[in-house]
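# just to be clear, the model below is a prediction. Sequence and coordinates:
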Amino acid sequence: MADKPRLWITRRLSDATLERASRDYDTVINHEDTPGTAQDLIAASAEFDAIIPCHSEHFSAEVAAQLDPRLKIIANHSVGVDHCDLPALGARGITVTNTPDVLSDATAELAMLLMLGAARNAVAGDRIVRTGAWDFWSPSFMVGKQVTGARLGIIGMGRVGRAFATKARGFDMKIHYYNRSELSPEAAQGATYHSTLGSLLGVADFLSLHCPATPETTGLMNAERFAMLPDGAVMVNSARGALVDEAALTAALDSGKLMAAGLDCFQTEPGGNPAFAAYDNIFMLPHIGSATTRTRDAMGFRALDNLDAFFAGKTPGDQLV
Ligand code: DGY
């Protein structure tokens, strides 16, 4: 029997994923679970035929140029691939895949949590009860913004954006969206299309970002765009930190243009933005949109399905380059 392909798994994936990978490949797992550095990736490329990385491993153009030709495929354990320079990797003849679909519901669930938590003062509310400081109640105490029936603007109506819209319909929200192209009536499910971002922002009492981070979308939500929102809007970002100009975000909170924000993604990760700690109206989570047991198993299996197809001489279902 031919030798099994050598596979490096850069982080501690789910047990079921590691078990299947170890059964089917000559697998080395980074049990220390530390992010792979550029040097780690370059060194691994000379020893492994395949790598399963996460968004914590950066395959920049500089790294791509130094990869050993032994490395044939990077099967990402993520839907986002902004950590990979796809043209540079493609030019080196390396196949790159991602894990779409399987994390849409988990990420949309988390976006809903962020939206509700931000709108209903979850940060301050939790703290005041937890610290024993809750010694007062009044009808004007911790009054938030009601989600039910409100207008929701979605930027990026791909898989996660549409999953979020489905959940928001359960709250009778009026769905508006901005996307590269208008969806079919079947996919739009009654959502109103806006052909310009400005038009969408003008109606977004709640705004949720679901587009990928690309050079075009970097700093998408800047001072000018925050100014286009209705006063007292709530913004949610469960996509990528690069989409938001964080200084413009705090300025919009300071001025009251934004009532609150819900963030799972930050420009600096891990760590986040230390300035945000002073804001009770920023409800923050540490990039855990897809972090459910079911979804992490599904992501790992999807990455392995892509590897299996590749090593069987087929085109992986999620091949990007
Ligand atoms: C993704 O899949 O892109 C998530 O952000 C986790 O990496």
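Nice, I can see it.
# need the three-state assignment for the residue nearest in space to the middle of the chain.
For the chain, Ala239 is the residue whose C-alpha lies nearest the centre (CA atoms, centre = their mean; 3.4 Å). Following DSSP: H, G, I helix; E, B strand; the rest coil, Ala239 is assigned to coil.
# now for it: which residues touch it?
80, 156, 160, 209-213, 265 (CB atoms under 8 Å, 6 or more residues apart in numbering). The way it works is simple: take the backbone N, C-alpha and C, and place the C-beta from them, glycine included.
# spell out which residues of the stretch 151-300 of the chain are next to the ligand.
289-290 (CB under 6 Å from any ligand atom).
# what do you get if the cut-off is 8 Å, keeping everything else the same?
Taking CB under 8 Å from any ligand atom as the contact definition, the stretch 151-300 of the chain meets the ligand at 239-240, 265, 287, 289-290, 299.
# tell me which entries of those lie within helices.
Met299 (DSSP state H).
# now tabulate the contacts of Ala239 in a markdown table and tack on secondary structure.
Formatted as a markdown table, the contacts of Ala239 follow (three-state DSSP):
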| residue | secondary structure |
| --- | --- |
| Gly80 | coil |
| Gly156 | coil |
| Val160 | helix |
| Leu209 | strand |
| His210 | coil |
| Cys211 | coil |
| Pro212 | coil |
| Ala213 | coil |
| Cys265 | coil |
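# can you tell me which of the residues you listed lies closest to Ser140?
Closest approach between the contacts of Ala239 and Ser140, by CB to CB: Leu209, at 31.6 Å.
# ok so, going back, now the contacts of Ala239 as CSV including neighbour count?
Listed next are these as CSV, based on neighbours: other CB atoms under 10 Å:
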residue, neighbour count
Gly80, 20
Gly156, 22
Val160, 29
Leu209, 25
His210, 28
Cys211, 21
Pro212, 16
Ala213, 19
Cys265, 22
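# ok, these vs the ligand, which is closest?
Gly80 (3.1 Å; CB to the nearest ligand atom).
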